[in-house]
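Here is a sequence together with a model predicted from it:
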Amino acid sequence: MGLAPTITIHVPGPLRMYCAGAAHLSISAHTVRAALEDLERSQYALYRNVCDETGTVRRHLNVYVNSDNMRDLNGVDTALAPGDVVTFLPAISGG
Amino acid sequence: MADRIILTIGTKKGVFVADAAKPRRSFALRGPFGPGVPVYSTLIDTRGTPRLYASSCNPFFGMKVLCSTNMGKSFTETKSAPAFPKDDGRALANIWALEAGADKKDLWCGVEPASLFRSLDGGDSWDLVPGISNHEHARKWQPGNGGLCMHTIIRDGNRVHLGISTGGHYLSEDGGEIFRASNQGVGAGFAPDPYPEFGQCVHKIARHDDAPGRLYMQNHGGWADWTGPGGPRPDIGVLRSDDYGQSWRSIAKGLPSDFGFPIVVHPNDADTVYVMPLEGATRSCPGGAPAVWRSENGGESWSRLARGLPRKQSYFTVLRDAMDIDRLKAPALYFGTTTGQLWIGREGGEQWDCLFESLPPIYNVKVAIV
């Protein structure tokens, strides 16, 4: 496997307090899973808002790769390409 | 700021704080803090400088523990919330109980799925308590309608009583190292065996410091007419123990329903206990007429307290942690409803007034004198 592509993580407003206010993070990862693992190492507080302690993406959180929900692609094994934007978005739920 | 009554009100949309001077004529409300996020547990920690704690159970981003050191003017997250070890396989779904431990920074926390955590630094870090969390029964407990929750933590020296829905009452006599199911006399209506070793849907347990061997339990009642295997189970909903929770007996006779969620003991009289009977099928006020019921003789008989409460067309629910009593000489009861009203029952529940009419659905009410 070659050099991991550089991608952008878009951090929604409610989560920016967990990564020093950053709206975007630039990391290198071949897949969404690798991106999450990078966050677990480099931005643990942010990571714990996205994934529970088993490493599963939280049920009411959607992860988009560009404009596609990762669940419609290949889940956390979705491959990433240079310039991709990964976005964490709360699901439409609650009341 | 001495002798103020302070209330923490956990709701579906955050935690509110209300306070009043001692006569309790009028309460000032502030909040919501942690807005939009359900708060199932709060703690008014009066050891030393008062601290207010609230669980913030965010369905999107996970659980947080909030803490206020300025009497509820603002809250901040503690450095971490309870979390299962990564290889455990369980994930925290909710925080149902926050209780003070032995020293000033010792906190105990009951969670869903039913497990116990402990913090020795005021909630900044948490450790799983394995004696109950990894108990041989733990993977056999089943969730009730509210989830598989550990909602009651009562400490009495080296005794620790835990209430689990649906798991039952568990007792440790060595400070929380080893726990055993202690449910003799505690019935279950939803299993063929009416008195199983464990698995009961305990709703809440309460006790009084002056009578440590006496415990009161609101169990999941409403099974008087059950006709399936094991036969009917009347009066299993309200129980009393006189031997530190080793065994339990019904004290439900005289109540309009043995179903309910909260149970509260008078601060100055261990014989006086309060429940809020609900219809078992609907979890709402019997006949649409809410009332708190009081026993002044340890559950031998009951009287209805409803002066000032609606007389009809009220179908709210009062949840397990949504009723409390203050510790003044003539104490007041407080309960919050799933329809967002907060009621005060002055003179031990003799006269009821609505303090706040339109809060979000209320999950938790705690009161303290600070």
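Noted; the coordinates are in hand. Residues are numbered from 1 along each chain as shown, chains lettered A, B, ... in the order given.

shaky segments in the chain?
As the question left the chain open, I've gone with chain A. A:93-94 (pLDDT under 70).

Wait, chain B was what I had in mind.
B:1-2.

Swap in 80 and give it another go.
For chain B, applying pLDDT under 80 flags the ranges B:1-2, B:228.

So which bits of it are right by chain A?
Residues of chain B found near chain A, taking C-beta under 8 Å from any C-beta of the partner chain as the criterion, are B:59-62, B:83-86, B:88-92. Backbone N, C-alpha and C define where each C-beta goes, glycine included.

one more time with 6 Å, if that's ok
B:Pro59, B:Phe60, B:Phe61, B:Gly62, B:Ala83, B:Phe84, B:Lys86, B:Ala91 (C-beta under 6 Å from any C-beta of the partner chain).

Just the buried ones from the residues you listed?
B:Pro59, B:Phe60, B:Phe61, B:Gly62, B:Ala83, B:Phe84, B:Ala91 (16 or more other C-beta atoms under 10 Å in any protein chain shown).

Test of understanding: give the bridge partners of the closest residue to the second one other than its chain neighbours.
Put plainly, it is B:Phe60. Spatially, and ignoring its direct neighbours in sequence, B:Phe60 is nearest to A:Pro90 (4.2 Å; C-beta to C-beta, 6 or more residues apart in numbering or on different chains). Beta-bridge pairing for A:Pro90 (DSSP bridges): A:Leu61.

how deep is A:Pro90 tucked in, by neighbour count?
When counting by other C-beta atoms under 10 Å in any protein chain shown, one arrives at 17 neighbours for A:Pro90.

That one against B:Phe61, yeah?
No: counting by C-beta atoms under 6 Å, A:Pro90 does not reach B:Phe61; the two are 7.8 Å apart.

returning to what we had before: from the buried ones among the residues of chain B next to chain A, which land in helices?
With helices taken from DSSP state H, there is no overlap with these.

between these, which is closest to A:Ala35?
Minimum distance to A:Ala35 across these is 17.5 Å, recorded for B:Phe61 (C-beta to C-beta).

that older thread, pull the most distant pair out of the buried ones among the residues of chain B next to chain A.
B:Phe60 and B:Phe84 (19.2 Å).

For B:Gly288, what are phi and psi?
Phi and psi for B:Gly288, reported as degrees, to the nearest 10, are phi 70, psi 10.

so who does it touch?
If you count contacts by C-beta atoms under 6 Å, 6 or more residues apart in numbering or on different chains, B:Gly288 has them with B:Lys312, B:Gln313, B:Ser314, B:Tyr315.

Next one: it relative to B:Leu309, how far apart?
11 Å (C-beta to C-beta, to the nearest Å).

now B:Gly228
Distance from B:Gly228 to B:Leu309, by C-beta to C-beta: 35 Å.

what sits up against stretch B:171-190?
Contacts of stretch B:171-190 (C-beta under 6 Å, 6+ apart): B:129, B:131-132, B:135, B:158-161, B:168-170, B:194-198, B:200, B:219, B:223, B:226, B:233, B:236, B:245-249.

For that stretch, list every residue counted as buried.
For stretch B:171-190, burial by neighbour count (16+ other C-beta under 10 Å) applies to B:171-173, B:176, B:179, B:181-183, B:185-189.

Dump that stretch to CSV, keeping only the CA atoms.
Output of stretch B:171-190 as CSV, limited to C-alpha atoms (Å, rounded to 0.1, in the frame of the first residue of the first chain):
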residue,chain,number,x,y,z
LEU,B,171,-25.9,-6.2,48.2
SER,B,172,-22.3,-5.9,49.1
GLU,B,173,-21.2,-6.1,52.7
ASP,B,174,-17.5,-5.5,52.0
GLY,B,175,-17.6,-1.9,50.6
GLY,B,176,-18.4,-2.9,47.1
GLU,B,177,-15.9,-5.7,46.3
ILE,B,178,-18.3,-8.7,46.3
PHE,B,179,-22.0,-8.4,45.5
ARG,B,180,-24.8,-11.0,45.7
ALA,B,181,-28.4,-10.9,44.5
SER,B,182,-30.6,-10.3,47.6
ASN,B,183,-34.1,-10.6,46.4
GLN,B,184,-35.9,-13.0,48.8
GLY,B,185,-39.5,-11.8,48.7
VAL,B,186,-39.1,-9.6,45.7
GLY,B,187,-41.5,-10.7,43.0
ALA,B,188,-41.4,-10.6,39.3
GLY,B,189,-44.5,-10.6,37.2
PHE,B,190,-43.0,-11.1,33.8
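
Can you list the residue ranges for helices in the chain?
Just so you know, I chose chain A. A:32-42, A:44-50.

wait, chain B
B:130-133, B:346-349.

With mean neighbour count added, can I get those helices in TSV?
As requested, the helices of chain B are exported to TSV (neighbours: other C-beta atoms under 10 Å in any protein chain shown):
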stretch	mean neighbour count
helix B:130-133	19
helix B:346-349	20
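
Look at B:Gly228 and B:Leu309 and report which has more neighbours.
Each of B:Gly228 and B:Leu309 had its neighbours counted (other C-beta under 10 Å), and the higher figure belongs to B:Leu309 (22 against 11).

and that one, what does it touch?
For B:Leu309, counting by C-beta under 6 Å, 6+ apart, the contacting residues are B:Pro290, B:Trp352.

Now do B:Ala114 against B:Ile153, distance only.
From B:Ala114 over to B:Ile153 (counting by C-beta to C-beta), the distance is 12 Å.

more crowded one of these two?
B:Ala114 (28 against 23).

List the residues that contact the closest residue in space to B:Gly36 that isn't next to it in sequence.
The shortest distance from B:Gly36 to any residue other than its chain neighbours is 5.5 Å, reached at B:Lys13 (C-beta to C-beta, 6+ apart). Neighbouring residues of B:Lys13 by C-beta under 6 Å, 6+ apart: B:Pro32, B:Gly36, B:Pro360.
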